[in-house]
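# quick one, what's the 3D model for this:
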Amino acid sequence: MAISGKRLRIYLELLKADRPLGIRELQRNLGVSTPSLVRYHLEYLEKYGLVAKNKEGKYYAIKRRDTLLSMFIIVRDSLVPISSFISAFSISFALLILVLFWPPTIVEASLSFVCVLVGLYLIYESVILIEVIKREIR
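Predicted coordinates:
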């Protein structure tokens with residue numbers, strides 16, 4: 001099961017919301033033409049266990065671990081790849097090693113180099129993940 005386009009936009013809107021949202025509210029927030037179109041996509045998402053409906057008939061997202069979106073966290077209404085935080089830590093750790101052990105021995109320099117390489121690779125991975133999500137939203 002893959003979601004893209006309007007379904008992905010609806011799912012992301014529900015993930016970012018701090019409360020369950022109604023069909024008309026989703027329609028307004030996303031600029032979808034009719035409530036029935038939103039309902040159609042919500043029923044599809046509900047069928048695959050990505051959203052659920054509460055007693056008031058409003059929908060909320062279910063966070064699943066088996067989707068590409070599980071590699072992101074929400075920070076101030078934005079999706080941020082988890083790997084970007086690991087990357088920042090890795091590069092910061094490399095700089096800390098160099099500052100604390102200046103001039104570095106071959107071991108410290110090698111460890112710093114590996115940390116920077118890991119950090120740069122994770123930045124690359126983050127960019128790829130963001131591009132995949134952007135492409136799927138269109």
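# going forward, measure contacts and count neighbours with C-alpha atoms only.
Will do.
# gap between Ile123 and Leu117?
10 Å (CA to CA, to the nearest Å).
# let me fix that, I meant to ask about Leu129.
18 Å.
# and Arg28, how close does it get to Leu12?
15 Å.
# who's more crowded, these two?
Leu12 (18 against 12; other CA atoms under 10 Å).
# let me see the mean pLDDT of stretch 86-98.
Confidence for stretch 86-98, expressed as mean pLDDT, is 94.
# would you mark the buried spots in that stretch?
87, 90-95, 97-98 (16 or more other CA atoms under 10 Å).
# so of those residues, which ones are in helices?
Those of the buried residues of stretch 86-98 mapping onto helices are 87, 90-95, 97-98, per DSSP state H.
# dump those to TSV, plus distance to Val38.
Shown next, in TSV, are these (distance: CA to CA, whole Å):
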residue	distance to Val38
Ser87	37
Ser90	42
Ile91	43
Ser92	44
Phe93	46
Ala94	48
Leu95	49
Ile97	52
Leu98	54
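# pull the longest helix from this protein.
Longest helix in the chain, counting by DSSP H: helix 106-137.
# any idea of the pLDDT on Leu50?
87.
# how about the contacts made by it?
Applying CA atoms under 8 Å, 6 or more residues apart in numbering, we find Leu50 in contact with 11, 61-64.
# where in this structure is pLDDT low?
Low-confidence segments of the chain, defined by pLDDT under 70, span residues 1-3, 77, 137-138.
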